[in-house]
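Chemist: Dropping the sequence and predicted coords here.
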Amino acid sequence: MALIHKILVATDFSEPANHAIDYGAELAVKLSAPILLVHVYTLPLLAVPDGFVPLNVPDVATAMAQLQDGLGKARDRARAQGAVSVETRLVEGVPWHEIVETAKTQGCDLIVMGTQGLGGVAHFLVGSVAEKVVRKAACPVLAVHRPR
């Protein structure tokens, strides 16, 4: 079995993501591995002749502050579970792609993420970030279902 030296835990701040943070933190403690907590966001943009601009710049600054605050709370949650080394990263882009790329560029050996467990039409319409990460990631992915 390959050793796990660094764990990426993806969060969207949902209840399943919180459960994945707990799971990832427990693994990190048992494996003495650091955690990289990642949240991927997409800015709302408006197309203009010279390119794209954010819809409302003051709202973007407020949203970024809220995202940083959310990551801080997620870091505190992981530390409360016993994780010692927890780094946070806020990344702009397409969630599944940025999770896969961040894991690769940061040398993560495992990705832990929550899943909503959507099925049928909801899965078809919404898609699954976890499913795309599982298919594209170069390292193992642990998809954690929300507790029932």
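Modeler: Received, thanks.
Chemist: all strands for the protein, in order.
Modeler: For the chain, applying DSSP state E gives strands covering 7-10, 35-41, 45-48, 51-54, 86-92, 110-115, 141-145.
Chemist: want to try JSON lines for those strands, with mean neighbour count as columns?
Modeler: (Glycine included, C-beta is placed from N, CA and C.) JSON lines is the format used below for the strands of the chain (neighbours: other C-beta atoms under 10 Å):
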{"stretch": "strand 7-10", "mean neighbour count": "29"}
{"stretch": "strand 35-41", "mean neighbour count": "23"}
{"stretch": "strand 45-48", "mean neighbour count": "9"}
{"stretch": "strand 51-54", "mean neighbour count": "11"}
{"stretch": "strand 86-92", "mean neighbour count": "16"}
{"stretch": "strand 110-115", "mean neighbour count": "25"}
{"stretch": "strand 141-145", "mean neighbour count": "17"}
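Chemist: Residue 136 versus the residue nearest to residue 11 when sequence neighbours are not counted, what's the distance?
Modeler: Leaving aside its sequence neighbours, residue 11 sits nearest to residue 17 (C-beta to C-beta, 6 or more residues apart in numbering; 4.2 Å). The gap separating residue 17 from residue 136 is 19 Å, by C-beta to C-beta, to the nearest Å.
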